[in-house]
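In: how would this look folded up:
(one chain, ligands or ions: 2)
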Amino acid sequence: MATNTYGRVTAGLAGLATTAALVLTGAAPAGAQTVGRDDSGADVFTWDTSASPATVTPSSRTTNVAVERVVVKHTRSAFVVATQMSSLARNGDYFYLNAVLTLPDETTYSSFLVVEPDDRNGRSVLQSPAGGSTIACRTMTHTVDYRADRLRLVVPRSCFGAPASFQVSGAVIDYPAGAPGGRVHVDQLFSETRSSVKTEPLARG
Ligand SMILES: [Ca+2]
Ligand SMILES: [Ca+2]
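Out: Ligands and ions are numbered 1, 2, ... in the order given. Next comes the predicted model:
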């Protein structure tokens, strides 16, 4: 699937989110910040872009899409997002984890861990703020752990301008093998607000 296709899905999802960020409070500035959020509710939905207008309906699908828990880390060297999934399967699905990083000046970077039918271990992609073109970020890494049902994406801060703080939103999106075109299953990260989390600035030192 072309890079632009998942970029469009992400852009569409942005319209489903509220604009209010869940701002973390009480976390003293430190050299690293870790934020964990439960996401175990039955909150997967089907987003059908073949309908006009597109429809959103509850979905019972869990494989390769249902997020149970999200952990975001912000360290001096990298942004890390890790998800505990309900179940991951080496099947023919196309699925991806997408984390959107919004900087204080509203610049956005979109990071992806993309798993394709012929590449079950996946690849990581970082897209630029404008136009969705891919940014070279050779030190970006990822893990698809089928045994532990976990996804992990590590984006070096140097690849997105090393901001003091930023806001994170995102989703896991699954295109089941053989499903009709335009129908995707989605679990948004931080769904208690259908929104995002905001990091605290890191302490100097
Ligand atoms: Ca969930
Ligand atoms: Ca969710």
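In: Report whether stretch 167-174 contacts ligand 2.
Out: No - counting by CB under 5 Å from the ion, ligand 2 has no neighbours in stretch 167-174; the shortest distance is 7.6 Å. Just so you know, the C-beta spots here come from the backbone N, C-alpha and C atoms, and that holds for glycine as well.
In: Assign a three-state SS to the spatially closest residue to Leu103 that is not a sequence neighbour, would you?
Out: In space, and not counting its chain neighbours, Leu103 is closest to Pro163: 4.6 Å by CB to CB, 6 or more residues apart in numbering. The three-state label given to Pro163 by DSSP: H, G, I helix; E, B strand; the rest coil is coil.
In: and Pro163, what does it touch?
Out: By CB atoms under 8 Å, 6 or more residues apart in numbering, the contact list for Pro163 reads 103-104, 157.
In: and stretch 128-145, which residues are buried?
Out: The neighbour-count check on stretch 128-145 (16 or more other CB atoms under 10 Å) flags 129, 137, 140, 142, 144 as buried.
In: hang on, I meant stretch 103-115
Out: For stretch 103-115, burial by neighbour count (16+ other CB under 10 Å) applies to 103, 108-115.
In: do stretch 114-128 as well
Out: Within stretch 114-128, the residues that count as buried by 16+ other CB under 10 Å are 114-116, 122, 124-127.
In: Let me see the mean pLDDT of it.
Out: In this model, stretch 114-128 has an average pLDDT of 93.
In: Then stretch 173-190?
Out: Throughout stretch 173-190, pLDDT has a mean value of 88.
In: could I have it exported to CSV, CA atoms only?
Out: The C-alpha trace of stretch 173-190 is given here as CSV (Å, rounded to 0.1, in the frame of the first residue of the first chain):
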residue,chain,number,x,y,z
ILE,A,173,-5.3,0.7,12.3
ASP,A,174,-6.0,-2.7,10.7
TYR,A,175,-7.0,-3.6,7.2
PRO,A,176,-8.0,-7.3,7.5
ALA,A,177,-7.0,-9.5,4.6
GLY,A,178,-9.8,-9.9,2.1
ALA,A,179,-12.0,-7.2,3.7
PRO,A,180,-13.9,-4.8,1.4
GLY,A,181,-11.8,-1.7,0.3
GLY,A,182,-12.3,1.4,2.4
ARG,A,183,-13.2,-0.5,5.6
VAL,A,184,-10.7,-0.3,8.3
HIS,A,185,-10.7,-1.1,12.0
VAL,A,186,-9.3,1.5,14.4
ASP,A,187,-8.3,1.7,18.0
GLN,A,188,-7.3,5.2,19.0
LEU,A,189,-4.6,5.7,21.6
PHE,A,190,-5.7,7.5,24.8
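In: how distant is stretch 121-135 from the center of its chain?
Out: Distance, stretch centre to chain centre, for stretch 121-135: 12 Å (CA atoms, centre = their mean, to the nearest Å).
In: Up against ligand 2, what does this structure have?
Out: 39, 43, 187-188, 191.
In: run the last query once more with 6 Å
Out: 39, 43, 67, 187-188, 191 (CB under 6 Å from the ion).
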